[in-house]
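Visitor: Output the structure for:
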Amino acid sequence: MKRTYIAILLLAVTLSAFSQQTMVTHLHDGTKEYRRCSSVDSVTFEPFIAVAGGTFTAGVTTVTISSFKMDMFEITYELWTAVRAWGLVHGYTDLVTGQNGYNPVGTNNPVMYVNWYDIIKWCNARSEKDGLNPIYYTTSSKNVVYKTGQAVINNDAVDWTANGYRLPTEAEWEFAAKGGTLKHSPVFTYSGSNTVGGVAWYSTNSGNKTHSVGAKLPNELGIYDMSGNVWEWCWDWYDGFIGIYPYGGTTDPKGPSTTQTYRVLRGGSFFNPDYNCQVVDRDGYSFPLVRDDSYGGFGFRCVLQ
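Guide: Below is the predicted model of the structure:
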């Protein structure tokens with residue numbers, strides 16, 4: 001009985017100490033990292049994939065991308081809700097509820113009915129919740145963290161060197177979708193395969209529903225659902241219907257530096273045909289205020305430096 005009591009006590013101490021960590025897990029080659037935090041309410045269990053920097057062809061241009069980490073999965077409704085609850089009592093007063101997928105199958109469906117502004121604020125809340133430095137500010141002076149409203153922010157209002165969460169640039173998204181430096185040669189049509197049904201929920205196989213993230217096969221990097229399930233918002237302003245992609249240089253391009261009309265979406269959704277799920281398909285027809293339309297569900301994933 002005494003030994004049992006000691007064992008239980010040791011386990012309780014261990015769990016108590018472990019609960020003081022922010023378990024933001026970076027999975028790459030089987031390794032895991034944990035960031036420490038000061039309170040148990042900062043704990044999350046979201047795995048990230050390390051994407052080594054390299055080059056790829058975007059349109060007709062060779063682009064160089066620096067290393068970054070990307071969410072293994074699209075942001076789920078459950079994670080959105082947890083961060084939103086934290087944010088609402090820490091100055092993020094108008095974070096929307098979002099929706100648990102569309103006619104969802106299973107659990108851990110991607111969040112939907114969130115627009116570009118909702119996501120930018122949520123990324124900042126997720127950063128602060130996990131003890132990281134926020135990325136997005138209301139002006140180029142970077143003295144007010146973007147927490148409320150619909151501030152029209154451009155590249156100069158972003159702290160690109162901060163360690164917090166942000167949306168991927170369009171170039172980062174495409175580089176990762178194509179498999180990064182581990183890409184198949186020639187590059188797969190869809191993210192991880194030339195067979196769309198193996199890696200994507202799209203109009204033919206989805207049953208007009210979203211599905212649990214990670215239910216299909218991942219791409220070469222181990223990232224799931226970059227084709228299908230929900231469209232994924234990117235950082236960039238769209239560069240115009242006849243613009244040459246990428247816009248903003250050939251090293252870590254961030255799109256137009258000044259206000260445009262639309263923000264970029266990539267990857268296709270459960271509602272769309274297979275061609276929208278191709279890694280090269282670009283959608284620039286969505287106002288950042290739009291939370292959803294008849295073109296399919298809008299969601300996202302985050303990156304870290």
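Visitor: So, low pLDDT: which residues of the stretch 201-305 of the chain?
Guide: Residues of the stretch 201-305 of the chain that meet the criterion pLDDT under 70 lie in 240-244, 293-295.
Visitor: And the helices in it?
Guide: Taking DSSP state H, counting those that start in this stretch, the stretch 201-305 of the chain contains no helices at all.
Visitor: Please parse the chain into its domains.
Guide: The chain breaks down by automatic domain parsing into domains covering 1-45, 50-304.
Visitor: CSV for these, including mean neighbour count?
Guide: Where you see a C-beta, it was placed from the backbone N, CA and C, and this is true even at glycine. Compiled in CSV, the domains of the chain are given as follows (neighbours: other CB atoms under 10 Å):
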stretch, mean neighbour count
domain 1-45, 12
domain 50-304, 20
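Visitor: Report the contact partners of Lys69.
Guide: His26, Phe48, Ile49, Ala50, Val51, Val303, Leu304, Gln305 (CB atoms under 8 Å, 6 or more residues apart in numbering).
Visitor: Now do the SS call for the fourth one.
Guide: Recorded secondary structure, Ala50: strand (DSSP: H, G, I helix; E, B strand; the rest coil).
Visitor: how about the strands in the stretch 101-250 of the chain?
Guide: Taking DSSP state E, counting those that start in this stretch, the strands of the stretch 101-250 of the chain run over residues 111-112, 231-237.
Visitor: I'd like those strands written out as CSV, with distance to Val83 added.
Guide: CSV is the format used below for the strands of the stretch 101-250 of the chain (distance: least, CB to CB, whole Å):
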stretch, distance to Val83
strand 111-112, 10
strand 231-237, 16
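Visitor: Among the ones you listed, which comes closest to Lys129?
Guide: For the strands of the stretch 101-250 of the chain, the distance to Lys129 is smallest for strand 111-112, at 15.9 Å, taking CB to CB.
Visitor: Now do that closest one: everything it contacts.
Guide: Residues from elsewhere that reach strand 111-112 (CB under 8 Å, 6+ apart): 74-77, 79-80, 98-102, 210, 230, 291-292, 297-299.
Visitor: Next up, the contacts around the nearest residue to Asn219 once chain neighbours are set aside.
Guide: Spatial nearest neighbour of Asn219, chain neighbours left out: Gly192 (3.3 Å); criterion: CB to CB, 6 or more residues apart in numbering. Residues near Gly192 by CB under 8 Å, 6+ apart: Gly179, Gly198, Val199, Leu217, Pro218, Asn219, Glu220, Met226, Ser227.
Visitor: coming back round to it: can you say which of the strands of the stretch 101-250 of the chain is nearest to Met70?
Guide: Comparing the strands of the stretch 101-250 of the chain under CB to CB, the one sitting nearest is strand 231-237, at 10.6 Å.
Visitor: gap between the residue nearest to Gln150 when sequence neighbours are not counted and Tyr92?
Guide: Leaving aside its chain neighbours, Gln150 sits nearest to Tyr117 (4.8 Å; criterion: CB to CB, 6+ apart). For Tyr117, the distance to Tyr92 equals 12 Å [CB to CB, to the nearest Å].
Visitor: Then Gly192?
Guide: 34 Å.
Visitor: okay, and for the stretch 1-150 of the chain, where does confidence drop off?
Guide: For the stretch 1-150 of the chain, the ranges with pLDDT under 70 are 1-46.
Visitor: List the residues that contact Thr251.
Guide: For Thr251, counting by CB under 8 Å, 6+ apart, the contacting residues are Val63, Thr64, Ser66.
Visitor: can you list those in CSV and add secondary structure and distance to Asn133?
Guide: Below are these laid out as CSV (DSSP: H, G, I helix; E, B strand; the rest coil; distance: CB to CB, whole Å):
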residue, secondary structure, distance to Asn133
Val63, strand, 27
Thr64, strand, 25
Ser66, coil, 18
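Visitor: would JSON lines of those residues with distance to Gln260 be doable?
Guide: Shown next, in JSON lines, are the contacts of Thr251 (distance: CB to CB, whole Å):
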{"residue": "Val63", "distance to Gln260": "20"}
{"residue": "Thr64", "distance to Gln260": "24"}
{"residue": "Ser66", "distance to Gln260": "24"}
